[in-house]
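>>> Below are the sequence and a predicted model; questions follow.
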Amino acid sequence: MAAKYREVDMLGGSLPRNLMRFVLPLMLAGMLQQAFNTADVIVVGKFVGDIALAAVSSNGALIGLLVNVFVCLSIGLNADVANAIGRGDRRRVEESLHTGLLLGLLGGVALAAFGWFAAPVLLRWTGTPDSVFDQAVLYLRVYLLGAPAALVYNFGAAALRGSGDTRRPLNFLTISGVANVALNLFFVTVLHWGVAGVAAATSISQLVSAALVLRCLAQETDLLHFDPRRLRIVPASLGRICAVGVPAACQGVVVSLSNTIIQSSVNSLGEVFMAASGAASNIENFVWIAMNTFHQAAITFVSAARGAGQLRRTDKIVRWNILLVCAFGLSIGALATLFGPWLLSMFTDTPEALSQGHVRLAIVCLPYFIYGMTDVLTGALRGLGSSIAPMLVTILGMCGLRFVWCTAIFPLHRTGPMLMICYPITWVIALTALLICYSIVRRRVYRREGVL
């Protein structure tokens, strides 16, 4: 790989400085990617209306449920590339790269076909109101046409992250993000395509980002050189990717499923709260992205350290990630809440929706750093080769309780705040369980490797 892009030393040097060099471009890239969806919502809310805004917002959790299966699989590619680089195994890097890219392409095609035919059933299942149903179906179908490109980009970017390169994915998303905003405005304000226009703009921008990442990999002359003729599923590489990626995907599916269940409860509170919740959740997603970058840093740095036989470095990686994720989480969460009314006004002008959205921000954004700590521990566990433990903790301790909350507690007092409080409560429970799991797994791995 070209040396000018290898700015992050995952195995030496100042750990906090290298973590920040890894995290900041990744954070900006994630926020830019979220801006794709936010641009959709802003344009729809301002130029089409609250009904269209509710239609787009009602798809958020469902899209997360469908797309995140394969996006989470790319975590396995990230971990395997980092581990192979730590070991100095060039062949393993090449095989994992091409296996992962082909897996993303095939998964995206399958997802696009499934979404086109299943969209009405899925949206009925989530309780989407009749007043927004037709527009919601149209948005979901057009959005998922971009799934093959989106997943190719995510797998390609995961491979780059595994090598310590988070700078070029940021550049690619900057270009595709500008294209997305321009196409949004053109399709909606000039062609008057409504929700189909914003979905089409997102799909086209995803095609741009996929083309850029493939071009980048094709130009590589070292470890991550992409050659279309080498696209194949290597069983050993697929097995390693799936060992980390499948539990992560299962965890992602269950988390998205729990959010879909919460979205069904949101839908039951009416169109105004749907619009308010959709606007607030778009702001919250920026906070989540900041937290999730430290999960990716933890899994990449720990995987590389484990591959290089530097297990003792793991403790420092986890401590610094937790310190940084708390600092970022508290700061960004407080800013999102403080400027909540102004941020929400970008999505809707309805006073009641603005008020209800700000209440949701206060409940969810301020304690988001707790979720950030769960993400760091989850990444560290995956980097140590343990993906089942964080999956079980999340399914039982976080998502299971959300289901109980929505079906047994929320109906007793059907208000927005009562529904939203389930987020910080489940984060605290999951964090406690993950701390115990990490202590057990760390001791077991250290003993197996002869460190203790």
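Arrived safely, thanks for sending. Numbers count the residues shown, from 1 in each chain.
>>> what separates the residue nearest to P247 when sequence neighbours are not counted from G12, distance-wise?
With Cβ to Cβ, 6 or more residues apart in numbering as the criterion, P247 has its nearest non-adjacent residue at 3.6 Å, and that residue is S387. (Glycine included, C-beta is placed from N, CA and C.) Going from S387 to G12 by Cβ to Cβ, to the nearest Å gives 27 Å.
>>> More neighbours: those two, which one.
For S387 and G12, the more surrounded residue by other Cβ atoms under 10 Å is S387, and the numbers stand at 26 against 10.
>>> Run a quick check on the more buried one versus A243, I expect a contact.
Yes. Between S387 and A243 there is a contact at 6.8 Å, judged by Cβ atoms under 8 Å.
>>> need the contact list for G107.
V69, F70, L73, A147, L151 (Cβ atoms under 8 Å, 6 or more residues apart in numbering).
>>> what does C242 give?
Counted by Cβ under 8 Å, 6+ apart, C242 has contacts L73, G76.
>>> Which of the three states applies to it?
helix (DSSP: H, G, I helix; E, B strand; the rest coil).
>>> Read off the pLDDT value for it.
Looking at C242, its pLDDT stands at 92.
>>> how close does the residue nearest to P247 sit to A52?
S387 is 39 Å from A52, by Cβ to Cβ.
>>> and the residue lying closest to L257 once chain neighbours are set aside, how many residues sit next to it?
Excluding its sequence neighbours, the residue lying closest to L257 (Cβ to Cβ, 6+ apart) is L65, at 5.9 Å. Per other Cβ under 10 Å, the neighbour tally for L65 reads 21.
>>> likewise T337?
So T337, with other Cβ under 10 Å, has 20 neighbours.
>>> how about it, secondary structure?
helix.
>>> The nearest residue to T189 once chain neighbours are set aside and V132, how far apart?
In this structure, T189 finds its nearest non-sequential neighbour in F47, 5.8 Å apart by Cβ to Cβ, 6+ apart. Distance of F47 to V132, given as Cβ to Cβ: 16 Å.
>>> Mind checking which of the two has more residues around it?
A direct count of neighbours by other Cβ under 10 Å for F47 and V132 places V132 higher, at 26 against 16.
>>> Point out where the chain drops to low pLDDT.
1-7, 36-40, 451-452 (pLDDT under 70).
>>> If you count neighbours, what's buried in the helix or strand where L111 lies?
Counting by DSSP states H and E, the element that carries L111 is helix 90-125. For helix 90-125, a neighbour-count test (16 or more other Cβ atoms under 10 Å) marks 92-105, 107-108, 111-112, 115, 119, 122-123 as buried.
>>> chain center to it: distance?
15 Å (Cα atoms, centre = their mean, to the nearest Å).
>>> Excluding its own residues, what touches the very next helix or strand once past that helix? List them.
Once helix 90-125 ends, the next helix or strand along the chain (criterion: DSSP H and E) is helix 130-144. If you take Cβ under 8 Å, 6+ apart as the criterion, helix 130-144 is touched by 51-52, 54-56, 58-59, 62-63, 66, 111-112, 115-116, 119-120, 122-124, 128, 194-196, 198-200, 202-203, 271, 274.
>>> Buried members of those into PyMOL, please.
In PyMOL, this line selects whichever of the contacts of helix 130-144 come out buried by 16+ other Cβ under 10 Å:
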select buried, resi 51+52+54+55+56+58+59+62+63+66+111+112+115+119+122+123+128+194+195+196+198+199+200+202+203+271+274
